[in-house]
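Visitor: what's the 3D shape of this:
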Amino acid sequence: MQLDSLDAIDHGNGMNCTFLGHSAFLIETDHRLLLFDHTAGPVALPSQRKRLVVFASHRHSDHYDRSIFSFTSHPGGATFVLSADIPASDVPEGLDVRWMEAHQSRAVAGMTVKTLLSTDEGVAFVIDIEGMLIYFAGDLNHWHWEGESEDYNREMAKAYHAELDRLPPSIDIAFVPVDPRLGAAYSLGAKDLVAAVSMKTLVPMHFWGDGSVCGRLQAELQDFDGLIVHLDQSPYTWRIT
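Guide: Numbering: from 1, shown residues only. This next block holds a predicted model:
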């Protein structure tokens, strides 16, 4: 494991999660703020003293915008964890930036961050923080597109399952694409994940403003014994313990 800027990894008792739209989320733990794939400008952060860690899973405009670098002025300090496909020329000098490629593991701001290879662009993140495991998929998904060849969709399924095999057997919270553009296949990635990994909370994302897919997913996964969060407004905050 590659280590840098290492703090002792500590353990807490829960976190607040806020949905900011599409695939953007803010997590507040006991000691840190984590901002994922945010593209919509300023955010009212719940704490000015906690360190902010900003994640960008890949360069697509619905997951990354250069405006995230304005958070460098956060009083508690800011670290940026960026997929290696994001242009380095976008990043102002002097920032605390950790570039990550697929299948890496690093210690960042007192937590362990591991990456998976996206089936689209960039990486997914697996984060061990304060005694909790967070999986943020980015665009790692079982993308089964109508109109693509059987060979394409077969290889996509194979690539997705290979990355799921790299996940730990149990995670606390998973943020997973449920894209309605896939039609009936919108939930394949979430279903594959639930079959492969034990989790307490599944958070749908990447649904392009169509929150109805959350209810559809709840109906399809009635045997899932964890929580599936229904997101029909943003911002929306809930508590995970």
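Visitor: Mind listing the residues bridging to the residue most central in space within the chain?
Guide: Geometric centre of the chain, nearest residue: F136, 2.3 Å, by CA atoms, centre = their mean. Assessed by DSSP bridges, F136 has beta-bridge partners F125, F175.
Visitor: what residues are up against it?
Guide: F25, F36, D37, F55, S57, A124, F125, V126, I127, F175 (CB atoms under 8 Å, 6 or more residues apart in numbering). Where C-beta positions appear, they are placed from N, C-alpha and C, glycine not excepted.
Visitor: Nearest to S149, out of those residues: which one, please.
Guide: Here the nearest of the contacts of F136 to S149, counting by CB to CB, is A124; it sits at 25.1 Å.
Visitor: And that closest one, how far from A102?
Guide: 9 Å (CB to CB, to the nearest Å).
Visitor: Looking at those two, which one has more neighbours?
Guide: A124 (26 against 17; other CB atoms under 10 Å).
Visitor: Surely the more buried one is in contact with K114?
Guide: No - A124 lies out of contact with K114 (CB atoms under 8 Å); the separation is 9.2 Å.
Visitor: Most neighbours out of the contacts of F136, which is it?
Guide: S57 (30 neighbours).
Visitor: quick one: that residue and N153, what's the gap?
Guide: 23 Å.
Visitor: cool, and V81?
Guide: According to CB to CB, V81 stands 31 Å off from N153.
Visitor: More neighbours: which of these two?
Guide: Using other CB under 10 Å as the criterion, V81 and N153 rank with V81 on top: 25 against 18.
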